[in-house]
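Novice: Sharing a sequence plus its predicted fold:
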Amino acid sequence: MTNLYLIGNWKQHGSRAAIQAFAQQWSFDANPRLRIAIAPPFPYLQTLGEELPDCELAAQDCSVYAQGAFTGEVSAEMVADLGCQFVLVGHSERRQYHDETDELIAKKLVAAQSAGVTPVLCVGEQQAAREAGEQEGVVRAQLRSALATIQPNLLIAYEPVWAIGTGLTATPDQANDMHAVIKQEVASLLGASHATPILYGGSVNADNADALFACPHVDGALVGGASLEAASFMAIAQSASYNLSH
Ligand code: PEP
């Protein structure tokens, strides 16, 4: 294993006061092989970058366009300008509540890479697909459509939709098995010489992080609820750091 990635997704939560409180509590011995980033809502990117220089910055989304008459949109160039190293693309909440299609997601990946921001492509099956045993086909299809036109420089987050914000987590075996499938599909689409890190997301917390990070195909975590409090996010970071040194 080379690096682990830990990305907190604050979704539509946060305030300047909450960021200051988070930063005051944040105390973590940096591990050069652990990259920690937080994705706050757009208006707080700059404040977070100033208050918490120990963490990298991620955006939660980006436009397919670099600029133009697209009211309400934020481009990958703009988040790069604010210091973002990463941008989430195709989060299931964007797919579900904003009708983001595989075609749009493929364009956003290209837009992020063109702006020099590493996209974090989110994929994952709904509960019905898991119950029908169709999860592998769903995720392979999402990858085939998203990765058709991009360069190998990206991260992928496997986020089974039934595990996001529900308290249900994929078992370490379920996560590891799907990550192996994703690695194989990505190698066939982008070439085997590029190791694409695969993060797990879905109710990761301080109690289940150890077992997930111990999985050979799990290269990090995308964390929603448990990233909102410094204490729980630090505990997950400790777990990742421990895993890297053992
Ligand atoms: C997410 O938002 O990507 C996520 C995984 O959320 P949670 O950890 O709360 O399930």
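Specialist: Thanks, I have the structure now. These numbers were taken from a predicted model, which means no experiment stands behind them. Numbers count the residues shown, from 1 in each chain.
Novice: in what helix or strand does the closest residue to A214 other than its chain neighbours lie?
Specialist: Closest residue to A214 apart from its sequence neighbours, by CB to CB, 6 or more residues apart in numbering: N243 at 6.2 Å. Every residue, glycine included, has its C-beta placed from N, CA and C. Using DSSP states H and E, N243 falls within helix 230-244.
Novice: Chain neighbours aside, what residue packs nearest to the closest residue to the ligand within the chain?
Specialist: Per CB to the nearest ligand atom, G224 is where the chain lies closest to the ligand, at 2.1 Å. Nearest residue to G224, sequence neighbours excluded (CB to CB, 6+ apart): N9, at 5.0 Å.
Novice: where's the closest residue to Y242 other than its chain neighbours, which helix or strand?
Specialist: In space, and not counting its chain neighbours, Y242 is closest to D210: 7.5 Å by CB to CB, 6+ apart. Element membership for D210, per DSSP H and E: helix 209-213.
Novice: can you dump the C-alpha coordinates of that helix into CSV?
Specialist: Output of helix 209-213 as CSV, limited to C-alpha atoms (Å, rounded to 0.1, in the frame of the first residue of the first chain):
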residue,chain,number,x,y,z
ALA,A,209,-12.8,2.2,10.4
ASP,A,210,-10.1,-0.2,11.7
ALA,A,211,-11.7,-3.2,10.0
LEU,A,212,-12.3,-1.3,6.7
PHE,A,213,-8.8,0.1,6.5
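Novice: Just name whatever secondary elements whatever helix or strand comes next after that helix is in contact with.
Specialist: Counting by DSSP H and E, the next helix or strand C-terminal to helix 209-213 is strand 220-223. Counting contacts by 3 or more CB pairs under 8 Å, 6 or more residues apart in numbering; DSSP states H and E, strand 220-223 packs against strand 4-9, strand 198-201, helix 209-213, helix 230-244.
Novice: and those as JSON lines, adding mean neighbour count, mean pLDDT and distance to the ligand?
Specialist: Output for these, formatted as JSON lines (neighbours: other CB atoms under 10 Å; pLDDT from 0 to 100; distance: least, CB to the nearest ligand atom, whole Å):
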{"stretch": "strand 4-9", "mean neighbour count": "25", "mean pLDDT": "98", "distance to the ligand": "4"}
{"stretch": "strand 198-201", "mean neighbour count": "27", "mean pLDDT": "97", "distance to the ligand": "4"}
{"stretch": "helix 209-213", "mean neighbour count": "21", "mean pLDDT": "97", "distance to the ligand": "11"}
{"stretch": "helix 230-244", "mean neighbour count": "19", "mean pLDDT": "96", "distance to the ligand": "10"}
